[in-house]
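A.B. asks: sequence and predicted model, in that order:
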Amino acid sequence: MSIHSSTLAELAAGLRKKAYSSVELAKLYLDRIESSQSGLNAFISITREEALAAAAEADRRLAAGEGGPLTGVPIAHKDIFCTDGVRTTCGSRMLENFVSPYDATVVSKLKAAGTVMVGKTNMDEFAMGSSNESSYFGPVRNPWNTALVPGGSSGGSAAAVAARLVPAATATDTGGSIRQPAALCGVTGLKPTYGRVSRYGMVAFASSLDQGGVIAATAEDAALMLGAMAGFDPNDSTSVDRPVPDYTATLNDSVKGLRIGLLKEFFDKGLDPSCEARIREALGVYEKLGAQLREVSLPSLPLSVPTYYVVAPAEASSNLARYDGVRFGYRCENPKDLMDLYCRTRGEGFGAEVKRRIMTGTYVLSAGYYDAYYLKAQKVRQLINRDFERAFAEVDVLIGPTTPTPAFPIGAKIDDPVTMYLNDIYTIGANLAGLPGVSIPCGFVQGLPVGLQIVGPHFGEARVLNVAHVYQRETDWHRHVPDAFK
Ligand code: GLN
């Protein structure tokens with residue numbers, strides 16, 4: 001087996017056994033990244049020099065018998081996480097040359113854990129999108145078929161892991177941006193509970209929904225990464241002060257008697273019948289392992305897309321007000337006066353999707369419309385929350401599809417925002433309710449991966465990872481790599 005098809009856990013073990021050094025690993029993955037760029041465009045920045053220095057340091061620590069389980073493994077960060085001294089673009093012209101003076105908490109924690117950053121992954125502009133076509137740096141392509149989208153907004157991270165350009169990458173999920181691209185690229189994507197992972201230094205899109213997480217090949221790797229990323233951060237007032245368990249300790253717990261809820265609303269007419277067949281087969285695996293399936297209904301869930309597209313743009317319009325050409329980021333040439341500076345900076349610095357969100361958000365927050373849209377959406381959000389609470393009184397996890405269809409062609413939905421927004425119909429509910437969810441590969445439809453989504457109760461990361469891991473023990477979908485990247 002080639003080194004690059006190893007999981008993060010296997011690489012960490014190989015480093016410890018001295019099968020290779022961290023510098024050797026970094027070089028191997030950097031070479032793979034560089035040669036994939038013209039085909040996949042999964043990266044915005046490649047940080048060879050910094051990576052080799054960090055890897056040499058990791059090798060010193062490993063030689064001294066120091067370091068933890070992740071010391072010396074190469075990873076990538078989504079370009080939404082601020083990295084000290086390395087530019088952070090958030091996929092936007094607005095931040096094309098922005099170099100943060102500090103590390104995001106997620107970045108500093110993973111640095112402290114000894115990981116080696118090899119680059120920053122491409123993404124939809126300001127994480128707005130489901131196809132990675134809104135990036136100022138050009139679309140990312142799906143490693144399974146480069147005519148297709150990888151999903152978004154963490155499409156660069158998902159494509160990079162699927163093509164084994166890195167064993168794991170950070171990502172963020174506001175409405176599905178970890179789980180949806182993980183599903184479309186055939187990898188494992190974990191969105192933690194809101195508040196589990198610090199948002200400090202993560203460029204804000206919709207603050208009440210944004211959550212950092214991870215994309216990796218396996219649930220075990222996601223567990224290792226989450227253990228290093230999670231925890232209370234005094235710099236993020238919404239991070240929750242609650243101990244971080246060892247997520248790897250419970251991966252092999254038995255699922256005998258586990259109560260699995262099948263969301264009636266997830267098996268609707270929008271679900272592609274071939275994808276549904278893969279999901280049902282996966283459910284069969286759980287039944288064989290002794291889990292019990294029961295149907296549950298969340299009557300308010302069908303309102304999640306419209307609710308999200310009021311709440312998220314509202315928060316985005318407020319968060320993105322800071323890009324004014326005065327403080328940091330892009331500034332237009334030769335402004336006539338202050339108004340011209342604002343208008344042209346924002347007109348030139350933001351792409352079409354970001355402008356659409358800012359306009360929608362400003363509208364739903366404006367006097368006269370606030371009650372009708374924003375306040376109403378917040379009320380519906382509570383109803384969705386309560387639906388989930390009721391469901392988790394009856395079942396341990398909810399399982400269903402991650403997306404209605406496999407990956408679609410680049411360009412197919414870009415002119416039709418509403419069709420594009422429907423990609424997230426199965427993922428957004430967990431964001432509105434702040435719940436943890438994972439997407440794992442569960443088979444193929446016409447050569448394209450299908451994702452199985454497992455959603456748990458608040459702070460149920462250990463449970464969803466356990467449920468994902470036992471499936472990955474029984475199947476090998478997570479081991480499949482696209483031919484061109486074997
Ligand atoms: N696709 C959704 C959107 O465009 C979700 C994006 C995300 O989770 N960052 O807003």
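C.D. replies: Arrived safely, thanks for sending. Numbering: from 1, shown residues only.

A.B. asks: going forward, measure contacts between C-alpha atoms and count neighbours the same way
C.D. replies: Fine.

A.B. asks: which parts of the stretch 351-486 of the chain are strands?
C.D. replies: For the stretch 351-486 of the chain, the strands identified by DSSP state E, counting those that start in this stretch occupy 397-401, 437-445, 448-455, in order along the chain.

A.B. asks: least confident secondary structure element in the protein?
C.D. replies: Least confident helix or strand, the chain: helix 417-421 with a mean of 86, by mean pLDDT, DSSP states H and E.

A.B. asks: parallel or antiparallel, list what pairs with the helix or strand where residue 45 lies.
C.D. replies: Here residue 45 is covered by strand 43-46, with elements defined by DSSP states H and E. Sheet pairing of strand 43-46 (DSSP bridges) gives strand 116-121 (antiparallel).

A.B. asks: buried residues of the strand it pairs with, list them for me.
C.D. replies: If you call a residue buried by 16 or more other C-alpha atoms under 10 Å, then strand 116-121 has these buried ones: 116-121.

A.B. asks: ok, and what's touching it?
C.D. replies: 26, 29-30, 42-48, 50-51, 54-55, 71-79, 88, 154, 156-157, 160 (C-alpha atoms under 8 Å, 6 or more residues apart in numbering).

A.B. asks: any idea which helix or strand comes after the strand holding residue 45?
C.D. replies: Defined by DSSP H and E, the subsequent element after strand 43-46 is helix 48-63.

A.B. asks: the ligand contacts on the stretch 101-250 of the chain?
C.D. replies: Proximity of the stretch 101-250 of the chain to the ligand (C-alpha under 6 Å from any ligand atom) is limited to residues 127-130, 153, 173-177.

A.B. asks: and with 8 Å instead?
C.D. replies: For the stretch 101-250 of the chain, the residues in contact with the ligand (C-alpha under 8 Å from any ligand atom) are 126-131, 152-154, 172-178, 205, 210.

A.B. asks: that older thread, give me the residues contacting the strand holding residue 45.
C.D. replies: Contacts of strand 43-46 with the rest of the structure, by C-alpha under 8 Å, 6+ apart, involve 30, 33-34, 37, 79, 87, 91, 118-122, 137, 156.

A.B. asks: please apply the same query to stretch 24-37.
C.D. replies: Here stretch 24-37 makes contact (C-alpha under 8 Å, 6+ apart) with 4, 43, 46, 48, 51-52, 55, 73-74, 116, 118, 160, 165-166.

A.B. asks: buried members of the contacts of strand 43-46 into PyMOL, please.
C.D. replies: Only the buried members of these enter the following PyMOL selection, criterion being 16+ other C-alpha under 10 Å:
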select buried, resi 30+33+79+87+91+118+119+120+121+122+137+156
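
A.B. asks: can you give me the helices for the stretch 251-400 of the chain?
C.D. replies: 273-288, 304-319, 338-349, 352-365, 376-394 (DSSP state H, counting those that start in this stretch).

A.B. asks: nearest to residue 197, of those?
C.D. replies: With C-alpha to C-alpha, the closest approach to residue 197 among the helices of the stretch 251-400 of the chain belongs to helix 304-319: 19.3 Å.

A.B. asks: mind picking the two most distant members of the contacts of strand 43-46?
C.D. replies: When C-alpha to C-alpha is used, the two most widely separated members of the contacts of strand 43-46 are 30 and 91, lying 20.7 Å apart.

A.B. asks: how about the residues of the stretch 301-450 of the chain near the ligand?
C.D. replies: 309, 312, 420-421, 423-424, 428.

A.B. asks: in PyMOL, select just the buried ones from these.
C.D. replies: Only the buried members of those end up in this PyMOL selection, burial being decided by 16+ other C-alpha under 10 Å:
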select buried, resi 309+312+421+423+424+428
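
A.B. asks: residue 378: what's it in contact with?
C.D. replies: Contacts of residue 378 were listed using C-alpha under 8 Å, 6+ apart, and they are 307, 311.

A.B. asks: taking the residues of the stretch 101-250 of the chain next to the ligand one by one, which sit in strands?
C.D. replies: Cross-referencing those against strands under DSSP state E gives residue 172.

A.B. asks: coming back round to it: adding distance to residue 269, write the residues of the stretch 301-450 of the chain next to the ligand out as a markdown table.
C.D. replies: As requested, those are arranged in a markdown table below (distance: C-alpha to C-alpha, whole Å):
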| residue | distance to residue 269 |
| --- | --- |
| 309 | 22 |
| 312 | 26 |
| 420 | 17 |
| 421 | 17 |
| 423 | 14 |
| 424 | 15 |
| 428 | 18 |
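
A.B. asks: at the geometric centre of the protein, which residue do we find?
C.D. replies: Relative to the mean C-alpha position of the chain, the nearest C-alpha, by C-alpha atoms, centre = their mean, is the one of residue 178, at 2.2 Å.
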